[in-house]
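A.B. asks: build me a model from this:
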Amino acid sequence: MGFKALGLDVFPVSGDEEALSVFKKLTRENENYAIIYVEETFCKALSAEIDRFKGSPTPAVILIPGKAGSLGLGQSALQSAVLRAVGSDIL
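C.D. replies: Numbering: from 1, shown residues only. You can find the predicted model right below:
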């Protein structure tokens with residue numbers, strides 16, 4: 001809910017199927033979102049959809065830790081993106 005306090009749109013979901021439905025809605029039916037934050041816990045269920053946007057400038061899909069803490073997936077994705085962009089691991 002911290003994101004909502006910052007003025008961002010928040011779409012709480014209760015499971016993988018709902019997360020997939022919301023993600024598809026945000027990426028297919030709406031071009032208003034340049035950045036989509038996804039909790040790491042849903043990464044496995046959304047991996048095929050997230051992979052579709054890895055080479056695309058928008059929307060940028062950013063993995064963030066959930067309430068249980070970080071799974072390291074966001075850091076790994078960021079490191080991979082930097083490696084592709086810069087050509088070397090600077091993190």
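
A.B. asks: now the phi/psi pair for the closest residue in space to Leu8 that isn't next to it in sequence, please.
C.D. replies: Spatial nearest neighbour of Leu8, chain neighbours left out: Tyr37 (8.0 Å); criterion: Cβ to Cβ, 6 or more residues apart in numbering. Quick note: C-beta positions are derived from backbone N, CA and C, even for glycine. Dihedral pair for Tyr37: phi -90, psi 130, per degrees, to the nearest 10.

A.B. asks: Tyr37: neighbour count?
C.D. replies: A count of nearby residues for Tyr37, using other Cβ atoms under 10 Å, gives 15.

A.B. asks: just give the number of residues close to Leu46.
C.D. replies: Using other Cβ under 10 Å: Leu46 sits among 20 other residues.

A.B. asks: check contacts around it.
C.D. replies: Contacts for Leu46 (Cβ atoms under 8 Å, 6 or more residues apart in numbering) come out as 19-20, 23, 38.

A.B. asks: check which helix or strand covers it.
C.D. replies: helix 43-51 (DSSP states H and E).

A.B. asks: same question for Leu26.
C.D. replies: helix 16-28.

A.B. asks: which secondary structure elements does that helix sit against?
C.D. replies: strand 35-39, helix 43-51 (3 or more Cβ pairs under 8 Å, 6 or more residues apart in numbering; DSSP states H and E).
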